[in-house]
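> build me a structure from this.
(one chain, ligands or ions: 5)
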Amino acid sequence: MTIFSNTTRIPPLIFLTFHLLLLLSLGVLEAQAKCKTGCRLALASYYVWEGSNLTYISTIFGKQISEILQYNPQVPNQDSIPAGERINVPFSCDCLNGDFLGHTFTYETVFGDTYDKVASLPFANLTTEDWVHRVNIYETTRIPDGVLINVTVNCSCGDRSVSKDYGLFTTYPLRPGENLSFIAAAASGVPTELLQRYNPGIDFSDETGLVFLPARG
Ligand SMILES: *[C@@H]1O[C@H](CO)[C@@H](O)[C@H](O)[C@H]1NC(C)=O
Ligand SMILES: *[C@@H]1O[C@H](CO)[C@@H](O)[C@H](O)[C@H]1NC(C)=O
Ligand SMILES: *[C@@H]1O[C@H](CO)[C@@H](O)[C@H](O)[C@H]1NC(C)=O
Ligand SMILES: *[C@@H]1O[C@H](CO)[C@@H](O)[C@H](O)[C@H]1NC(C)=O
Ligand SMILES: *[C@@H]1O[C@H](CO)[C@@H](O)[C@H](O)[C@H]1NC(C)=O
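Ligands and ions are numbered 1, 2, ... in the order given. I've put the predicted structure just below:
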């Protein structure tokens, strides 16, 4: 009886190992298939809040003011960008972990920071509490002051199956009151139907969340 159970126990183990390896390699293949490369340039639509300014935005994103201004011909005077307007901030859109397109910025925490606060104020809702939490080791309630944390902002490099005419995309956090036609106008008249196809499943009147807007280039 003992001999019998010994001989039957070994084959299932080998069988299991084989299946485990197969599952693992399939998992790796699946992860690789999501993105291979990113693109050199994407834009982040930064909603300028009362008290923020170009110097601050330049620090947050690690970009020179002059470089940011190249993507904002509408800004007449860099010393006073009005609160309530949006600034385009250029960044590189990387294929992170072979899994999704984004860029991880480094942010130095200040007293009182939470993942929620960092996402909604310094990063102007370009990311979310959950998405920031996922790339950092600290517990939500134990983020030290004056340390560097990761902040990942998603991006898009386009979709050839939707259109080949657009290669530059803006990561745009929706604000309350911004509906599909408002956004289409903001994206210099991109057809609403195209906007919807680039953002499948997104309800533009849902008030919050990220959308990707095509820009020429
Ligand atoms: C720019 O904004 C930061 C952050 O709000 C603030 O600390 C700084 O004093 C501001 N600088 C100017 C020149 O307004
Ligand atoms: C981000 O969203 C929160 C909640 O909707 C809002 O209170 C906050 O003002 C937003 N931040 C910016 C910079 O618009
Ligand atoms: C960023 O993209 C990932 C993968 O598609 C998604 O799971 C995540 O929710 C996105 N984050 C934000 C803040 O939209
Ligand atoms: C930021 O991300 C890097 C790379 O994934 C990781 O090694 C590091 O621990 C992260 N930083 C924090 C504060 O979690
Ligand atoms: C979209 O928003 C604009 C301006 O906020 C408004 O005038 C228009 O009626 C809205 N359209 C729809 C379909 O809700």
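> phi, psi for the residue sitting nearest the centre point of the chain please.
What sits nearest the mean C-alpha location of the chain, by CA atoms, centre = their mean, is Asn154, with 1.2 Å. When read as degrees, to the nearest 10, the backbone of Asn154 gives phi -70, psi 160.
> Gly102 falls within a strand, correct?
Yes. When DSSP: H, G, I helix; E, B strand; the rest coil is applied, Gly102 is found to be in a strand.
> who touches it in this structure?
Residues near Gly102 by CB atoms under 8 Å, 6 or more residues apart in numbering: Cys93, Asp94, Leu96, Thr152, Val153, Asn154, Cys155. C-beta here means a position set from N, CA and C on the backbone, and glycine is covered the same way.
> the second one and Glu139: what is the separation?
Right, Asp94. 27 Å (CB to CB, to the nearest Å).
> settle it for me: which of those two has more neighbours?
Summary of the neighbour comparison: Asp94 and Glu139, criterion other CB atoms under 10 Å, with Asp94 having more neighbours (20 against 9).
> what about the more buried one, which helix or strand?
Assignment of secondary structure by DSSP states H and E places Asp94 within strand 86-96.
> how is the chain divided into domains?
In the domain annotation for the chain, the residue ranges read 39-154, 168-215 (automatic domain parsing).
> let's have the ones you listed in TSV, adding distance to Arg160 and mean pLDDT.
Supplementary listing: the domains of the chain in TSV, determined by distance: least, CB to CB, whole Å; pLDDT from 0 to 100:
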stretch	distance to Arg160	mean pLDDT
domain 39-154	12	95
domain 168-215	12	90
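> tell me which of the ones you listed lies nearest to Ser161.
Put simply, out of those the one that sits nearest Ser161 is domain 168-215, at 9.2 Å, with distance taken as CB to CB.
> could I get the domains of the chain as CSV with distance to ligand 4?
Supplementary listing: those in CSV, determined by distance: least, CB to the nearest ligand atom, whole Å:
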stretch, distance to ligand 4
domain 39-154, 4
domain 168-215, 20
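> how close does Tyr198 sit to Tyr166?
Per CB to CB, Tyr198 is found 8 Å from Tyr166.
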